[in-house]
Structure formats: structure tokens, C-alpha cells
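S.K.: dropping a prediction and its sequence here:
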Amino acid sequence: MNPIVIFGVPDTMIKIWEIIPDIEIMINNIRWRWSKPTVVRVWVDSGGYQIMVKGLNIDLNSVIKRYQSIDGDIFISLDVPPQELCTASEDLVIRNVRNFEALYEKLEDKKIIPVVHCYDSQLVLYSIDVYRSYGVEIIAFGGAVPPSMAKMGKGSRTIPLLALAIVRKAFNGWIHALGIGGTSIIYKALSILKVNSMDSSSWRTKAAYGKVMIPGLGERYVGNQHAKFGRKDLSDDDYKSLEESLRKTSFPYIDNLRNLLKSFRGRAIINAWIMKHFINVTYGNNGYRWLLNYASTYATLSIDELTTMLDNKLKRYRSNVRKN
């Protein structure tokens, strides 16, 4: 399965749909103030990620009012992400279920999509049972492999993937991976786990840090300032490889490539094009290829085996956290 890539679009600074019209986009309800773009589908984010990263307190009634005013196709339920890896908090899970139920009941004309995070296995299965009773066709999974989770210690990148595998086994509908990043390795891992779609804003964020994506090579730095994280400058061979890939897919601005690399807007357009056409192309020395081994193993296990493995891993993880 090849997951659909949904492009995170915070504003209309770069109207990427005018360059790549056959895409789906994810807009942020907190910032969006414009009419509905002409795309395949518009997904609307509730702001749950802002809660986790910025510590914002987003009121449910405010989300309801904003959702009523936004023209979209799919609306993500307001979820409060766990502040710990794969929480055992029943209160948090019940709060997220109630948020979904309130949005579902008050916005009957909107398609509300519930969100499941990495919880204890029984809480994951409980959430899915509740949402299935509402006849939902799509479930979103939050925090599969976010950078912030990597700071939580050993296992924080693989345990959420295990929970995602449980969701896949337990739910026969569409599964969307929320804000998971735009790397080819992550895309491959999701493909192995039979995830239907993912969203990413990395086409813009990488461009903002002076980086451009190159199929089969990863990222290269072309900016004039010091890169914030990681850095490998664009070589002549890298440029030729990028140019060849873009030309092969009829990139409309190929004759202006060097100038595009000099600006945030230009790099973002290139990155979006690469994500659209080459996100499934990995490179041999990628440092995260081990994720594919985990995904492949998880995909072969039964739901009973997965739940047992998740609970055992979480038990060891929490024991190590207490010791430290």
C-alpha cells in the first residue's frame, strides 16, 4: 500500500495547490482565515499538536465555532496528546472520547475523525471500540514517530509504531498518521503497516531551514545561514541528480532551478514536488532504516501478539524511567 501524502498548509503564502492541483491538504483551524482551496480534499486540524508542543489550552467550544465556519472535507477531533510515552491514563482517553462525541453530535454536517494515540493496549482497543460504534470510516493516529517523542528515551521511536500496528489490526477502515514527517523511511514504514495516508509540513519547514530534498540522497543545505539541525551542503553531483529528477517528472520551473534554490518559497515548491513524486525513494545509508525492520516484524504479528508485546515493552520502559 502506498499512503497518500497530505500536505500541511498553514497559510496561503505558498499556494502549492496551484502548482500541484491533484493533492490533499491539511489546514490548521487556529490560523486558517481563507476560502477553501481547489484541491482533492481539505483536512482540518484541531490544534492538538499545538497543545503538546506549545502548551496551549484549546477550548472545545471554540473549536466547534471555528469548525462551523470552515469549509473542509474532513475535520480532526480535538485530542489532548499524552505528555508521556504511551500513557496509561484512563482519564485522558475518556476526555478525548468525549471531545469526539461532542464534536460528532454538534457538527452533524461535518465529517469528524477521532484520534487514537499510543496508550496501554487495552485503552487503544477501548478507544477503537467506542469510535467504531459511531460508524467512523477514518481513524487518525497521533504521535507515531514525532521528533519530540525521541527525547523520551530508548524505545520512544518504536513503541508508538507498535501501537499503530495494533490500530491497523483492530480497525478495518482508513487509518491516517498525523504529522509524522515527510521522510522516505517513515513513508516506507507506514506502507508496510498498511496505513492509508499521512500528513506532513516538512516540505515547508525544511525549506525554511535552507534545505532541499533530493530523491535517493536525502536533504542538502543550500541556504545562506547556519542550519539549525544537521547539515550537508549541495554538491555539483547533488544538483545534477536533483535536476534530473525534476526534469523527469516535468517540473514546470526546471529552467529556473538555481534561482529557486536561493529562496524559501523556491525550496518549498521543490520539496513539495519531490514529496509528491519521490517520497517512496529511499537511500542506502539512511540512519533510520532499522525502523523498517521493526515495521516489518509488527506487520506479521497477530493482534494478541502485538498487545502482549506493547504491554511488555511499556512495562520495561516505565521501569527504566523510574530508575533514572
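M.R.: Received, thanks. Note that this is a predicted model, so its numbers are computed, not measured.
S.K.: can you give me how far stretch 93-105 is from the chain middle?
M.R.: The chain centroid and the centroid of stretch 93-105 are separated by 21 Å under C-alpha atoms, centre = their mean, to the nearest Å.
S.K.: in it, what counts as buried?
M.R.: Under the neighbour-count criterion of 16 or more other C-beta atoms under 10 Å, stretch 93-105 has Val93, Asn96, Val97, Asn99, Phe100, Glu101, Ala102, Leu103, Tyr104 buried. To be clear about C-beta, it is placed using only N, CA and C from the backbone, and glycine gets the same treatment.
S.K.: now do the contacts for the second one.
M.R.: Applying C-beta atoms under 8 Å, 6 or more residues apart in numbering to Asn96 gives the contacts Ser77, Leu78, Asp79, Val80, Pro114, Val115, His117, Ser127.
S.K.: so the second one: helix, strand or coil?
M.R.: Put simply, Leu78 is coil when judged by DSSP: H, G, I helix; E, B strand; the rest coil.
S.K.: quick one: which of the contacts of Asn96 is nearest to Pro160?
M.R.: Within the contacts of Asn96, proximity to Pro160 (C-beta to C-beta) peaks at His117, which comes in at 8.0 Å.
S.K.: so the closest one is in contact with Thr87, correct?
M.R.: Yes. If you go by C-beta atoms under 8 Å, His117 and Thr87 touch, sitting 7.4 Å apart.
S.K.: who has more neighbours, the two?
M.R.: A count of neighbours by other C-beta atoms under 10 Å puts His117 above the other of His117 and Thr87, at 29 against 18.
S.K.: mind pulling the model confidence for the more buried one?
M.R.: His117 is assigned a predicted lDDT (pLDDT) of 93.
S.K.: run a quick neighbour tally on the nearest residue to it once chain neighbours are set aside.
M.R.: Nearest residue to His117, sequence neighbours excluded (C-beta to C-beta, 6 or more residues apart in numbering): Gly142, at 4.8 Å. Neighbourhood size, Gly142 [other C-beta under 10 Å]: 25.
S.K.: select the longest helix from the protein.
M.R.: Within the chain, and with DSSP state H defining each element, the longest helix by residue count is helix 303-323.
S.K.: so how far is that one from its chain's centroid?
M.R.: 24 Å.
S.K.: ok, residues contacting it?
M.R.: Outside helix 303-323, the residues that reach it (C-beta under 8 Å, 6+ apart) are 85-86, 88, 120-122, 124-125, 153-155, 159, 162-163, 165-166, 169-170, 298, 301.
S.K.: let's see 10 Å
M.R.: Contacts with helix 303-323, where a contact means C-beta atoms under 10 Å, 6 or more residues apart in numbering, come from 84-88, 118-122, 124-125, 152-156, 158-160, 162-170, 297-302.
S.K.: among those residues, the buried ones, what's the PyMOL command?
M.R.: Buried members of the contacts of helix 303-323, defined by 16+ other C-beta under 10 Å, are picked up in PyMOL with:
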select buried, resi 85+86+87+118+119+120+121+124+125+152+155+156+158+159+160+162+163+164+165+166+167+168+169+170+298+299+301
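S.K.: which members of the contacts of helix 303-323 occur in helices, if any?
M.R.: 121-122, 124-125, 159-160, 162-170, 297-300.
S.K.: nearest spatial neighbour of Asp120, chain-adjacent residues omitted?
M.R.: Nearest to Asp120 is Ala88, by C-beta to C-beta, 6+ apart, at 4.7 Å.
S.K.: show me what counts as buried in the helix or strand containing Ile269.
M.R.: In this assignment (DSSP states H and E), Ile269 forms part of helix 264-278. Using 16+ other C-beta under 10 Å as the test for burial, helix 264-278 gives 266-278.
S.K.: now do the helices in the stretch 1-150 of the chain.
M.R.: 48-54, 60-69, 90-106, 121-133, 147-150 (DSSP state H, counting those that start in this stretch).
S.K.: so how far is the second one off the chain centroid?
M.R.: The offset between the C-alpha centroid of helix 60-69 and the centroid of the whole chain comes to 23 Å, using C-alpha atoms, centre = their mean.
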